[in-house]
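Participant: Sequence plus the predicted model coming up.
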Amino acid sequence: MEKLDNREALDVASLAGDILLASGAEIFRVEETIFRIARAYGVESSDAFVLSSGIFLTAGSEKEEDFARVRHIPLSAARLDKVTAVNQLSREIVEGMHTPAEARERLLEIRNMPPKPRSHQVLASGIGSACFCFLFGGDPVDSLAAFAAGIVLYLYLVRGRLSKIAANLSGGALVTLFGILLYQCGIGHHLGEMIIGSIIPLVPGVAFTTAIRDIADEDYIAGAVRMLDALLVTFCIAMGVGLVIMAWHHFAGGTLL
């Protein structure tokens, strides 16, 4: 019975780590959560090795049954709401508020948490674009144009099924073309600020920050992978913007920025 309880506890710890890593949590947070949950349920010999795209969890001693699990976790968008929920649940587990079965049910609920409604995401993209345009020196008309571009961008992203590279490259190109057309129609006075504000929803700020934290915590492999992913996204955005500006300059002539 004790071996079965230990295995159930390790299953709970492993599931919590899976959710955290898939939601963009830092490596040290994933490892610490797995260790604390396992220890709270009486498993003293657990050892987790976490990379940016996988978890290796082992446990076993003279008193405990050998346990090993390898999980592949693809890189995906950050879900900080899930990270917060798992963190809170892990604290409650340490305080003895949940049995392993109850914790597993709660973790399954967290894993299946729906994202924010698309209408909220689209509106947030527009508001974020407008605010950053204003922060970078745009006037109210520029911010209004960036608001429209941000909405168009997210409507395009939520409807498409493109790869990460294609989505960021084409998304950067789309908002740049949209901004240029508005600028040519006399809507907006500072095209550079309009474009900068419009592409902000594409910028991988959370992934970049997480990569720096992983590197600072000496998780160099995971940090390097996440940093490469963030830089690749940034490069694709810049390429999309640059290609549209170069094409417009070539076919229409004149200076835009």
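Facilitator: Arrived safely, thanks for sending.
Participant: use CA for all of it now, contacts and neighbours both
Facilitator: OK.
Participant: For the nearest residue to residue 19 once chain neighbours are set aside, the count of nearby residues, please.
Facilitator: Nearest residue to residue 19, sequence neighbours excluded (C-alpha to C-alpha, 6 or more residues apart in numbering): residue 111, at 6.2 Å. Residue 111 has 19 neighbours, counted by other C-alpha atoms under 10 Å.
Participant: Go ahead and confirm residue 56 touches residue 46.
Facilitator: No: contact status for residue 56 versus residue 46: not in contact, 10.6 Å apart, counting by C-alpha atoms under 8 Å.
Participant: more crowded one of those two?
Facilitator: The residue with more neighbours, out of residue 56 and residue 46, is residue 46; 20 against 15, by other C-alpha under 10 Å.
Participant: which residue packs closest to that one, ignoring adjacent ones?
Facilitator: Leaving aside its chain neighbours, residue 46 sits nearest to residue 59 (4.2 Å; criterion: C-alpha to C-alpha, 6+ apart).
Participant: do you know how far the one you found is from residue 208?
Facilitator: Distance, residue 59 to residue 208, using C-alpha to C-alpha, to the nearest Å: 32 Å.
Participant: what about residue 41, distance to residue 8?
Facilitator: To residue 8, residue 41 is 9 Å away according to C-alpha to C-alpha.
Participant: Which one's more surrounded, these two?
Facilitator: Each of residue 41 and residue 8 has its neighbours counted (other C-alpha under 10 Å); residue 41 has more, 21 against 18.
Participant: residues contacting the closest residue to the more buried one other than its chain neighbours?
Facilitator: Excluding the flanking residues, the one nearest residue 41 by C-alpha to C-alpha, 6+ apart is residue 9, at 6.0 Å. With contact taken as C-alpha atoms under 8 Å, 6 or more residues apart in numbering, residue 9 is in contact with 37, 38, 41, 43, 100.
Participant: Dig out what the residue nearest to residue 46 forms beta bridges with.
Facilitator: residue 67 (DSSP bridges).
Participant: What is the neighbour count of residue 194?
Facilitator: Counted with other C-alpha under 10 Å, residue 194 comes out at 35.
Participant: my bad, residue 163
Facilitator: Residues lying near residue 163 (other C-alpha under 10 Å) number 9.
Participant: tell me the pLDDT at it?
Facilitator: On pLDDT, residue 163 comes in at 80.
Participant: Could you shift the numbering so residue one becomes 444, and keep it that way?
Facilitator: Fine by me, first position is 444 from now on; the one you just mentioned is residue 606.
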